[in-house]
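Enquirer: predicted model follows, preceded by the sequence.
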Amino acid sequence: MSLYTHIQTGDWKSEKHVPAIECPDKVASGERFDVTVSLGKAADHPNTTEHHIRYIRVFFKPDDEKFVYNIGNFDFAAHGESVEGANEGPVHTHHATAFHMATTKPGTLHAVSFCNIHGLWESKKHIDVD
């Protein structure tokens, strides 16, 4: 069975596990632009020792190419764990990331998030190039 049959999708506005990709719809060829990927933008996702987002992975697939490019791997490792017990720790990472990228070709950004309870979730956004 393919891993891809286990990746869930949905609308980030109603499903708290789906990554929200924020970036321009159209960019200038070869010029850097800002990208933000987050979870819980419309509906909060828990961030506890027992239930959290472990990572976000971002890929880019140019329209005219077969394979994807790995843009970045963003891990979230602090969810309130502590020697005092679960959720007693002073540090919690937030499941969001921001980065810059550039492309000379139009294509689709794919963001995949992993919830330790509910598995893999994906969203995508097409980017046009001037």
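Expert: Received it, and whenever you're ready, just let me know what you need. Numbering: from 1, shown residues only.
Enquirer: so His100: helix, strand or coil?
Expert: Three states are possible here, and by DSSP: H, G, I helix; E, B strand; the rest coil the one that applies to His100 is strand.
Enquirer: hey, what's the nearest residue to Ala96 once chain neighbours are set aside bridged with?
Expert: Once its chain neighbours are removed from consideration, Ala96 has its nearest residue in Ser38; the separation is 3.6 Å (Cβ to Cβ, 6 or more residues apart in numbering). To be clear about C-beta, it is placed using only N, CA and C from the backbone, and glycine gets the same treatment. Listed by DSSP bridges, the beta-bridge partners for Ser38 are Ala20, Ala96.
Enquirer: which ones are touching Ser38?
Expert: Contacts for Ser38 were tallied using Cβ atoms under 8 Å, 6 or more residues apart in numbering; they are 19-20, 22, 95-97.
Enquirer: pick the one among those closest to Ala43.
Expert: Closest approach between these and Ala43, by Cβ to Cβ: Ala20, at 10.6 Å.
Enquirer: neighbours of the closest one, just the number please.
Expert: Here the neighbour count serves as a burial measure; for Ala20 (other Cβ atoms under 10 Å) it reads 18.
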